[in-house]
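J.: Give the three-dimensional model of this entry:
(chains A and B)
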Number of protein chains: 2
Amino acid sequence: MSSSLNIGIAGLGTVGSGVIELFANNLEHINKRTGKFLKLTSVSAKDKSKKRNININDFVWYDDPCDMAASEDIDVFVELIGGSDGIPKKSVEIALSSGKHVVTANKALIATHGFELSKIAELNSSLLNFEASVAGGIPIIKSLKESLAGNKLNKIYGILNGTCNFILTQMEKTGKPFAEVLREAQKLGYAESDPSFDINGTDTAHKLAVLSALMMGIPPNFSSIRIEGIESIRSEDIAYSKKLGFCIKLLGIVLKKDRGYIQRVHPCMIPVTSSISRIDDVKNAIFVEGNFIGPLVLEGLGAGSGPTASAVVSDLIDISKGNFIPPFGCSLENKNNIEKIDTERFGPWYIRLEVIDKPGVLAEIAAELKNQSVSIESVLQRGRAPGECVSLIITTHETNEKNFKNAMEKIKKLNALTEPPCMIRIENF
Amino acid sequence: MSSSLNIGIAGLGTVGSGVIELFANNLEHINKRTGKFLKLTSVSAKDKSKKRNININDFVWYDDPCDMAASEDIDVFVELIGGSDGIPKKSVEIALSSGKHVVTANKALIATHGFELSKIAELNSSLLNFEASVAGGIPIIKSLKESLAGNKLNKIYGILNGTCNFILTQMEKTGKPFAEVLREAQKLGYAESDPSFDINGTDTAHKLAVLSALMMGIPPNFSSIRIEGIESIRSEDIAYSKKLGFCIKLLGIVLKKDRGYIQRVHPCMIPVTSSISRIDDVKNAIFVEGNFIGPLVLEGLGAGSGPTASAVVSDLIDISKGNFIPPFGCSLENKNNIEKIDTERFGPWYIRLEVIDKPGVLAEIAAELKNQSVSIESVLQRGRAPGECVSLIITTHETNEKNFKNAMEKIKKLNALTEPPCMIRIENF
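T.: Residues are numbered from 1 along each chain as shown, chains lettered A, B, ... in the order given. This is a model prediction of the structure:
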């Protein structure tokens, strides 16, 4: 053992407390594996007097994380505050600029400012590690940066948000409606009191932007991601998808194409035989495909105190060993050739339409689809209720996204429709 | 880019050719990610004039890999010959002793001589990397050494042999007998002409010894592993297991216990709902559990030219980046506290007995089990054929391994038995 590596933690929520607990339990084990003694020396959070399950009396306290980031007392600044801008960003910039290493679990920060932060890190020979920012304990970032570095990757998709996966799984298992399952998720601590970022796909998109950047060796490009959430999914959709041999998952997807890359976040119907279909509740899973390794799937707990702390500590151990690898695996150039999704996808769809059961409705809908060369694979109308509202389930053959959307714009305007259609992409993953 | 890292490959079989092909395809991509130019300079194999799909004219040829290992022309010696002793071992020793780094895909070598080789590496400040020795492209070794280093691990189990998994999967899918499926596997190149090491569990045990050493931070202890192969499994067993809600997989298992560790390799019945039950054909999967990360599953292609080459190249990239991590993640001490399996396991069993259908047979068998306090969970006799041979399927409740084996020794001697019993452990993985 040469010397100690002094660590300061900013943010003492779920993850911060987990890191302190991990050190309390496993430090001897860890020091056996590192060339330096890891030492937690300092902490910073909003309220020093807040009641906590962890003992912070042995640490130097900072009211302002930026002061801790600037301090000479620490070698590594661990940012566990969260959020893309403001203090988390400022404190990370201060730490990197003063030659400190940074570990963060902040996907929003890396997805939004990862490029500029990586440049500050490079300039100062600092390390910026963010294993915990995507999929909790699953070592997907190290795998992409190091283990798969010999491969050209052409595809990554994954279940990256435990809250959404819990909701979809519970809707499937219990048949309960979205709102009720969401309330249960909130009670269990799986969803925030304001769950918007989880439910509307933003959280998944933050993580996807990080994975895409690693896959492509280019700056994260969060703003180009087409995002759809799971708000419009009903238990009927899940029941129908089961009948068709599918299950519904919210996926982040990045695909390499000849002219660029496509990033998208949306609910997907995937075959029940897919390698990620049985990933249930708060678990995460990521599928990666490379030109030599072929397919690789990693699955585990995508959130929570223990798994996320495990990822933070793996970054700290890497730093203690002197593994100098650029934040995104290679030095990034400021090029940006990510294409938008709309005109690119060519694939089948599931549509649920709530319509008045009267003669001619299907003919009208079929005509609009035909006008845009969208070919119908199957139609299912559950029950008959002349003059009343019924569900019409349509699956299409592979089709151009633009044509499909054009047809659906027309269909939305039909008088027979009683509410906006539910449209889910079918992916043969 | 500072300078080039000169690489020599010994062994130009499936993996060696794969590495050369990977460099031919992905070198520009790789050099973007490393601080040094990786450069294949030298090769060695048995027969220079052998017809190959790869072009080796640009490389310096060595008839003797030991000469290449000693040569000043290379910085890294890549051993892809295979086998635990003789030339592969000698050449690796020469390379390490002369301060070169070594990358190997040789599980038999690491399982048998990993400790002494790691000591030579440490003495000479050389790296000894062996990601390709276990589960092909799956980055399980790096994950154990680095990503999970902050965790105390208590359990690893995995499908580590693609040949066996292919045979078991095909027996299940087609109902064909073992011998016929084995012949098909040989035709497809999934099994060697002498498949003994795959079929009898030796290959799985070699890999398990490597994983156990990484998990426990102790020398690999291949000789203490209790090994059973899949030779005695019949399609009937697979059919019965399906009826009971299980599937049969050959697993390598290491469990941490209070007093030490248990390593075992044998066929298991695992629930069809298990996270690794649907890993089919030549795929591999590994389950790891740590005290903070919780469960983690990695799955992918466990063998073949591309995936294994991907793992070899990831080791080379690590070396080029100067990631100095001891072969087993930490410096090993020569302690050895691995316990044998026999008296340790406490769990349920599946038994298939081929018996003459006559009154009193079940009573005799039940009495022997009762004498050893083995409690029967279910009994199934398929059909009735008085005086002729029938299959008797018994599952037991959890039981001590020693008691169970004692009872079975007595049952084996019963006159009614027409052949040795088939016994498979049921694991609730």
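J.: Contacts only, for A:Leu301.
T.: The contact partners of A:Leu301, by CB atoms under 8 Å, 6 or more residues apart in numbering or on different chains, come to A:136-138, A:162, A:282-284, A:307, B:293-295. Every residue, glycine included, has its C-beta placed from N, CA and C.
J.: if we go to 7 Å?
T.: Counting by CB atoms under 7 Å, 6 or more residues apart in numbering or on different chains, A:Leu301 touches A:136-137, A:282-283, A:307, B:294.
J.: mind pulling up the phi and psi values for it?
T.: Backbone torsions of A:Leu301, given as degrees, to the nearest 10, read phi -80, psi 120.
J.: where does the nearest residue to it once chain neighbours are set aside fall, helix, sheet strand or coil?
T.: Residue nearest to A:Leu301 in three dimensions, not counting chain neighbours: A:Pro307, with 4.1 Å by CB to CB, 6 or more residues apart in numbering or on different chains. At A:Pro307 the chain is in helix, as set by DSSP: H, G, I helix; E, B strand; the rest coil.
J.: Report the buried residues of stretch A:415-422.
T.: Within stretch A:415-422, the residues that count as buried by 16 or more other CB atoms under 10 Å in any protein chain shown are A:416-417, A:421-422.
J.: tell me the two of those that are most distant?
T.: A:Ala416 and A:Cys422 (15.6 Å; CB to CB).
J.: okay, the helix or strand hosting A:Ile317 in CSV with CA atoms only?
T.: Element membership of A:Ile317 [criterion: DSSP states H and E] is helix A:305-320. The C-alpha coordinates for helix A:305-320 follow below in CSV (Å, rounded to 0.1, in the frame of the first residue of the first chain):
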residue,chain,number,x,y,z
SER,A,305,-28.7,1.9,-2.6
GLY,A,306,-26.6,-1.3,-2.7
PRO,A,307,-26.2,-1.9,-6.4
THR,A,308,-25.6,1.8,-7.2
ALA,A,309,-23.1,2.1,-4.3
SER,A,310,-21.3,-1.0,-5.8
ALA,A,311,-20.9,0.9,-9.1
VAL,A,312,-19.6,4.1,-7.4
VAL,A,313,-17.1,2.1,-5.5
SER,A,314,-15.9,0.2,-8.6
ASP,A,315,-15.1,3.6,-10.1
LEU,A,316,-13.2,4.6,-7.0
ILE,A,317,-11.2,1.3,-7.1
ASP,A,318,-10.4,1.9,-10.7
ILE,A,319,-9.1,5.4,-9.8
SER,A,320,-7.0,4.0,-6.9
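J.: Any idea how many residues pack against A:Ser193?
T.: 5 (other CB atoms under 10 Å in any protein chain shown).
J.: for chain A, which helix is longest?
T.: helix A:14-33 (DSSP state H).
J.: how far does stretch A:233-244 sit from the chain's center?
T.: Stretch A:233-244 sits 23 Å away from the centroid of its parent chain (CA atoms, centre = their mean, to the nearest Å).
J.: List the buried residues in it.
T.: In stretch A:233-244, counting by 16+ other CB under 10 Å, buried: A:233, A:235-238, A:240-241, A:244.
J.: show me where chain A has helices.
T.: Using DSSP H, helices in chain A cover A:14-33, A:65-70, A:87-97, A:107-123, A:140-142, A:162-174, A:178-187, A:196-199, A:202-216, A:235-243, A:305-320, A:361-371, A:401-412.
J.: In terms of residue numbering, what are the domains of chain A?
T.: Split into domains by automatic domain parsing, chain A comes to A:147-300, A:346-426.
J.: Show me the one of those that comes nearest B:Phe59.
T.: domain A:147-300 (18.8 Å).
J.: what sits against the nearest residue to A:Glu377 once chain neighbours are set aside?
T.: Leaving aside its chain neighbours, A:Glu377 sits nearest to A:Thr395 (4.6 Å; criterion: CB to CB, 6+ apart). Counting by CB under 7 Å, 6+ apart, A:Thr395 makes contact with A:244, A:348-350, A:377-378, A:426.
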